[in-house]
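[1] got a sequence here, can you build the structure:
(one chain, ligands or ions: 1)
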Amino acid sequence: MKVLREISEVREARKQCRSTLGLVPTMGALHEGHLSLIRNSVAKCGETIVSIFVNPTQFGPNEDYEKYPRTVEEDLKKCEAAGADYVFLPTNEVIYGTEKPLVTLNVDKELTSVLCGKSRPIHFNGVAQIVSILFNIAQPDIAFFGEKDYQQLTVIRKMVSDLHFPLEIVGVPTVREASGLAKSSRNRYLSESELAVAPNIYKVMNIIKEKAEAYRKENKTVSVESLENEAKKMISELVPGSKIDYFEIRSTKDLGRNEDLSDDSRIFTAVYVGTTRLIDNLYIGK
Ligand code: AMP
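    This is a model prediction of the structure:
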């Protein structure tokens, strides 16, 4: 496995690649979720490049950019063990240069003023910017993203379609701890007592999923809002010290409201456990 730090090195690797190139963009502090993306790429593509870059433009002023975990040495070992061919480890300067960019991306509010976009207004613009820069640098045939960040996956799919990026996006299912807690680089911020209660978020999501499916089976009208309120009440009780950012059931397709569950639906939630913001989502179906 080769570590690449300069854009010219990535371009050379792309040029030398005689088969399909898979790209796995990450911010490092790698865990089994990231490794699942890498393994998917290795299985599907001739060569795989993992990027590790904590992207400053997707963090708001009071978010955790400075304290975001950085564990490069361990990450490199994990990438190699998962079968990656290259790891791209750029600095801020390599990606963004030293001058303020003239052109940035602005993602329409329709997709980004809801769910995570509501409390993180600049986040998806920063994500679109870094992902499009990485696509332009590596020119992959396929890029792999986790369903864990479902809104991000939706934004990226639409961006690729809108801007005609010549590549395929593959979404990879969320990898969880045995407790059900979605693996996340931010889980390492959780104290022992927070770790003990955080999996209850996923338990509540499953209870709501079962209720929604039962209503549907019996052809009963269901108020999405009452299911959401029920979930919030359960989370407040089962996850002491938590603050719910949102718990919403929305359409899987376009993340629009779906009051009667008639569309293909998904539960989306973001919960602060102590000061750590955890997100998760779960497919409900139609
Ligand atoms: P991050 O390093 O948090 O920016 O994540 C890099 C990629 O890994 C994104 O496409 C995430 O959606 C994906 N990812 C993060 N956690 C998980 C998980 N638990 N399961 C599957 N994919 C994940």
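[2] tally of neighbours for residue 231?
    For residue 231, the count of nearby residues is 22 (other Cβ atoms under 10 Å). For glycine as for every other residue, the C-beta is placed from the backbone atoms N, C-alpha and C.
[3] hang on, it packs against residue 247?
    Yes: if you go by Cβ atoms under 8 Å, residue 231 and residue 247 touch, sitting 4.8 Å apart.
[4] need the overlap of contacts for those two.
    Residues touching both residue 231 and residue 247 by Cβ atoms under 8 Å, 6 or more residues apart in numbering: 267, 269.
[5] so what's the residue count around the nearest residue to residue 27 once chain neighbours are set aside?
    Leaving aside its sequence neighbours, residue 27 sits nearest to residue 54 (Cβ to Cβ, 6 or more residues apart in numbering; 4.8 Å). By other Cβ under 10 Å, the residues close to residue 54 number 18.
[6] shift numbering so it begins at 26
    Got it, first residue is 26 now, which makes that one residue 79.
[7] where's residue 79 relative to residue 155, distance?
    10 Å (Cβ to Cβ, to the nearest Å).
[8] kindly report the same for residue 90.
    Using Cβ to Cβ, residue 90 is found at 13 Å from residue 155.
[9] equivalent analysis for residue 263, please.
    Residue 263 is 36 Å from residue 155, by Cβ to Cβ.
[10] check which helix or strand covers residue 271.
    Element membership for residue 271, per DSSP states H and E: strand 267-276.
[11] mind listing what's buried in that strand?
    Buried residues in strand 267-276, counted by 16 or more other Cβ atoms under 10 Å: 267, 269, 270, 271, 272, 273, 274, 275, 276.
[12] interface residues of the stretch 76-225 of the chain facing the ligand?
    Applying Cβ under 6 Å from any ligand atom, we find that the stretch 76-225 of the chain lies next to the ligand at 170, 171, 173, 174, 197, 199, 200, 207, 208, 209, 210.
[13] next up, the contacts around the second one.
    Residue 171 makes contact with 58, 59, 61, 62, 178, 196, 197, 199, 200, according to Cβ under 8 Å, 6+ apart.
[14] how about the backbone phi and psi for the closest residue to residue 165 other than its chain neighbours?
    Closest residue to residue 165 apart from its sequence neighbours, by Cβ to Cβ, 6+ apart: residue 48 at 3.6 Å. Main-chain torsions, residue 48, degrees, to the nearest 10: phi -120, psi 130.
[15] what segments of the stretch 26-175 of the chain are strands?
    Here the stretch 26-175 of the chain has its strands, by DSSP state E, counting those that start in this stretch, at 27-29, 46-51, 72-77, 111-113, 167-171.
[16] JSON lines for the ones you listed, including mean pLDDT?
    Output for these, formatted as JSON lines (pLDDT from 0 to 100):
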{"stretch": "strand 27-29", "mean pLDDT": "98"}
{"stretch": "strand 46-51", "mean pLDDT": "98"}
{"stretch": "strand 72-77", "mean pLDDT": "98"}
{"stretch": "strand 111-113", "mean pLDDT": "99"}
{"stretch": "strand 167-171", "mean pLDDT": "99"}
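[17] now tabulate these in a markdown table and tack on distance to residue 307.
    Shown next, in a markdown table, are those (distance: least, Cβ to Cβ, whole Å):
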| stretch | distance to residue 307 |
| --- | --- |
| strand 27-29 | 36 |
| strand 46-51 | 23 |
| strand 72-77 | 27 |
| strand 111-113 | 31 |
| strand 167-171 | 14 |
